[in-house]
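[1] make a model of this:
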Amino acid sequence: MAGLDLTSPVTGGAQTGFTSPTYPLVTDTAPSNNGKQSAVSGTLGGTQVGVTTHSASSPFTITRFRPQQLKTLPAANPVTGVIKNIPNNVYKVITRKGVIPASGIPAIPMAITTSIPVPAGADTFDAANVRAAISAHVGALNQLSAALGDACVSGII
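    All right, here's what the predicted structure looks like:
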């Protein structure tokens with residue numbers, strides 16, 4: 001899964017109150033053998049007052065998963081040519097960050113999950129459009145980074 005490696009540090013997206021945020025990563029143990037995990041550890045870059053790095057009681061991890069077993073496209077019906085029940089290969093990226101809900105309360109992990117179900121066969125028959133969907137999604141998230149942070153804090157979209 002070399003394609004799911006992250007290079008440290010990760011440059012964070014724009015956020016209100018943050019200036020040039022970067023996140024140094026160390027290799028961590030993923031919860032399953034079909035994943036890779038990094039923990040945010042060391043000195044954070046930029047200005048991001050109050051942000052903490054990974055600890056056992058307040059995690060800050062980024063985990064990437066591929067399907068446990070890759071699915072293939074089933075054969076078409078020999079009479080109709082129709083392929084029924086096309087399976088998906090689901091890739092995921094999960095970021096966990098401990099957040100404190102109130103004074104005196106220990107950190108509780110929040111989780112952000114991106115799930116990418118790719119219909120079996122599209123990886124070879126229509127790779128360009130699989131890549132375009134992911135490119136647009138990541139670009140939209142990057143462009144919306146500050147607005148998403150503001151919305152999650154204010155509840156206003």
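[2] what sits against residue 97?
    58, 59, 60, 109, 110 (Cβ atoms under 8 Å, 6 or more residues apart in numbering). Where you see a C-beta, it was placed from the backbone N, CA and C, and this is true even at glycine.
[3] next, it: secondary structure please.
    Following DSSP: H, G, I helix; E, B strand; the rest coil, we place residue 97 in the strand state.
[4] how near is it to residue 79?
    Going from residue 97 to residue 79 by Cβ to Cβ, to the nearest Å gives 53 Å.
[5] can you tell me the element the residue nearest to the spatial centre of the chain falls in?
    Nearest to the geometric centre of the chain sits residue 93, at 2.9 Å (Cα atoms, centre = their mean). Here residue 93, judged by DSSP states H and E, is contained in strand 88-99.
[6] buried set for the helix or strand just after that strand?
    Going down the chain from strand 88-99, the next helix or strand is strand 108-119, by DSSP H and E. For strand 108-119, the neighbour count (16 or more other Cβ atoms under 10 Å) marks 118, 119 as buried.
[7] strand 108-119 pairs with which strands, and in what direction?
    Here strand 108-119 has these sheet partners by DSSP bridges: strand 88-99 (antiparallel).
[8] alpha carbons only: can I get the strand it pairs with in CSV?
    Extracted C-alpha coordinates of strand 88-99, given in CSV (Å, rounded to 0.1, in the frame of the first residue of the first chain):
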residue,chain,number,x,y,z
ASN,A,88,-17.8,-1.9,-4.6
ASN,A,89,-14.2,-1.8,-3.4
VAL,A,90,-14.4,0.7,-0.5
TYR,A,91,-11.4,2.8,0.5
LYS,A,92,-11.5,4.9,3.6
VAL,A,93,-9.5,7.7,5.3
ILE,A,94,-10.4,8.3,8.9
THR,A,95,-8.9,11.2,11.0
ARG,A,96,-9.4,10.9,14.8
LYS,A,97,-8.8,13.9,17.1
GLY,A,98,-9.4,14.1,20.8
VAL,A,99,-11.6,17.1,21.6
